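Participant: Structure for this input, please:
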Amino acid sequence: MKPIYIEKSLGIDIREKSVTLTLAGKKLRTIDVLVGKTIALKPLTGKNEKAEKYFLNKVNRFLIENDTWPESVVVSLPRGHITFKTFELPAPDLTSVQSMVDFELERQFSSGLEDLYFTYQITPRAENNFHIASAAIKKTIADYYLDLIGKLNLRTTILDVSTFANINLALSQEIDKDSSLSALTDISAESLDIALIKNNTVEFCINKRWSKPEIKDINSEEQSDPAQLESLSREITKIIIDELQQALSSCRNIKSNELVEHIFITGTGVLTPYLTKNLEKETEVSTTALQTPEFITANTPKSFSPTLMLTSLGLCLRELRKQTLETNLLPAENQPKRKKINIKLTLAMAAMVLVLLAGLLVNKIVYTNKIMVTLDEQLNEIKGQVASLEKIDLEYESLKHNADILLNIRKKYPNILPILGELSQSLPRDTWLTHLNFNQGEIEIRGFSPMASKLIPILENSKTFKETGFVGTIINEAAGEKFNIHTDLETAS
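Facilitator: Residues are numbered from 1 along each chain as shown. Purely as a prediction, here's the structure:
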């Protein structure tokens, strides 16, 4: 039996030279990872049309192959484009902080907020003090990537930061619950991203680009020589330790006597076991790779790699489950208006519908039985009065009237399965449907086809459909020609 999902969400983690996509579906109590994919790219700068076309073609093929255009699309952009700031803001209460934070951000980001998309997380501290963790990106850069996503017929619901997505995953694992200070390192082919987390609060974040070419291939999964992997792991370990020490000394909210009690690593591919071992050995600090959260079903597809795709998983979880850091770089006016499903209300309404359907079914059975009893009584009476032709005619008209009632019921409520079978046999294989709407004697069909104009003659030649025509105009999209067809059913005549 095919699983039913309440909602599906797509996480798109765009890096400078790759894009990782993960699609997840939410059930009542669990979340399934449905498919994942990493695509190597040339840098998207707005000046390379070939790179943009390659990106669009590859991502569009992923969407078509997996037949998915979800309403929830969560995107993160290359970390090098994000500016990260943390600071303390004294205020008497949370309401006052929210009214003051924009003025303080104006001071923190020298370029001015009018040219930025920004987001922030407020965490209360002792003695009327609040900690602010903020991130910003230039509007021109963000809009360029958002326009690319829009060309795929997708609308971004959340523009997140990869660092925040990884931190949410780290906090969900609850390793060393008593740990007050931990570090997270996101190691990609282009850069090293380090975040310091203290009592579930982001205290510091820094992003450094790799300077050596061999390090840029760390997560390609093409290297298999253990000796080379061990050597490269030791070199990266030294860099991570140096950057961690520098980050600790740069963070004003971390005292000199405080120690990192846990290190998370992610994005390291085949290097994961080597880096975990060497970091733990050199720092004497408990070190683990990020893992998929416990609420994710264990049987993930082969296309999903936990060592490379966890950031995109963390992104798509934003719309499926409440997270500790719920930030969005998109301003409120640019965020799509979406109605979240209320599970309890939906289940209650579903139960009411089932009760009504059961009542209708019982009523129909009782009504049918009454008709059958009436018909039997009338037939018995006719048999006893065969001599009276006039009575026979009257009884015949009564029976015909009842039969007409049953026939009308059948016409008004035709069997849908033959109609679906006729559509399946008539429509070409390169055409797929997204919506079917049955009404009394009518049907509305929506979907995509390479050549939608040829569908009308095909349906008209069928014995099931008549008066077939397009509703509105045919729209050319990346997935094909989008159509809306209305037709009447012969069975309703």
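Participant: Spatially, what comes nearest to Ile458 if we skip its sequence neighbours?
Facilitator: Ser426 (5.4 Å; C-beta to C-beta, 6 or more residues apart in numbering). Just so you know, the C-beta spots here come from the backbone N, C-alpha and C atoms, and that holds for glycine as well.
Participant: Equivalent analysis for Leu23, please.
Facilitator: That would be Leu34: by C-beta to C-beta, 6+ apart, it lies 4.6 Å from Leu23.
Participant: Show me the domain layout of this protein.
Facilitator: Structural domains annotated on the chain: 7-341, 344-412, 416-492, as defined by automatic domain parsing.
Participant: Kindly report which one of the ones you listed carries the lowest mean pLDDT.
Facilitator: When those are ranked by mean pLDDT, domain 344-412 comes last with a mean of 75.
Participant: hang on, the earlier thing: for the residue nearest to Leu23, what are its contacts?
Facilitator: By C-beta atoms under 8 Å, 6 or more residues apart in numbering, Leu34 lies in contact with Lys8, Leu23, Ala24, Gly25, Asn66, Thr68, Pro301.
Participant: Also Arg155?
Facilitator: For Arg155, the contacting residues are Val73, Ile149, Pro336, by C-beta under 8 Å, 6+ apart.
Participant: who wins for neighbours among the residues you listed?
Facilitator: Counting neighbours by other C-beta atoms under 10 Å, Val73 comes out on top of the contacts of Arg155 with 22 neighbours.
Participant: mind checking how far that one is from Arg155?
Facilitator: Separation of Val73 from Arg155 (C-beta to C-beta, to the nearest Å): 6 Å.
Participant: swap in Pro306?
Facilitator: Here the distance between Pro306 and Arg155 works out to 28 Å (C-beta to C-beta).
Participant: Glu52 touches Leu148, doesn't it?
Facilitator: Yes - Glu52 lies in contact with Leu148 (C-beta atoms under 8 Å); the separation is 6.5 Å.
Participant: what sits in contact with each of those two?
Facilitator: In contact with both Glu52 and Leu148: Leu44, using C-beta under 8 Å, 6+ apart.
Participant: circling back to that earlier point, any residues in contact with both of Val73 and Arg155?
Facilitator: With C-beta under 8 Å, 6+ apart as the test, Val73 and Arg155 both reach Ile149.
Participant: The stretch 351-493 of the chain: helices as residue ranges?
Facilitator: 389-412, 416-426, 455-460 (DSSP state H, counting those that start in this stretch).
Participant: and the second one, what other elements does it pack with?
Facilitator: Counting contacts by 3 or more C-beta pairs under 8 Å, 6 or more residues apart in numbering; DSSP states H and E, helix 416-426 packs against strand 432-439.
Participant: For the strand it packs on, which residues meet the burial criterion?
Facilitator: Leu433 (16 or more other C-beta atoms under 10 Å).
Participant: Which strands border that strand, and is each parallel or antiparallel?
Facilitator: The strands beside strand 432-439 in its sheet (DSSP bridges) come out as strand 442-449 (antiparallel).
Participant: How far off centre is the strand it pairs with?
Facilitator: 25 Å (C-alpha atoms, centre = their mean, to the nearest Å).
Participant: can you check stretch 152-170 too?
Facilitator: 10 Å.
Participant: Now the terminal residues of that stretch, how far apart.
Facilitator: Taking C-alpha to C-alpha, to the nearest Å, stretch 152-170 runs 31 Å from one end to the other.
Participant: tell me which residues in that stretch are buried?
Facilitator: In stretch 152-170, counting by 16+ other C-beta under 10 Å, buried: 152, 154, 156-170.
Participant: cool, stretch 196-211 as well?
Facilitator: Applying 16+ other C-beta under 10 Å to stretch 196-211 flags Leu196, Ile197, Lys198, Thr201, Val202, Glu203, Phe204, Cys205, Ile206, Asn207, Lys208, Trp210 as buried.
Participant: now the fourth one: how far from Thr283?
Facilitator: Plainly put, Thr201 is 22 Å away from Thr283 if you go by C-beta to C-beta.
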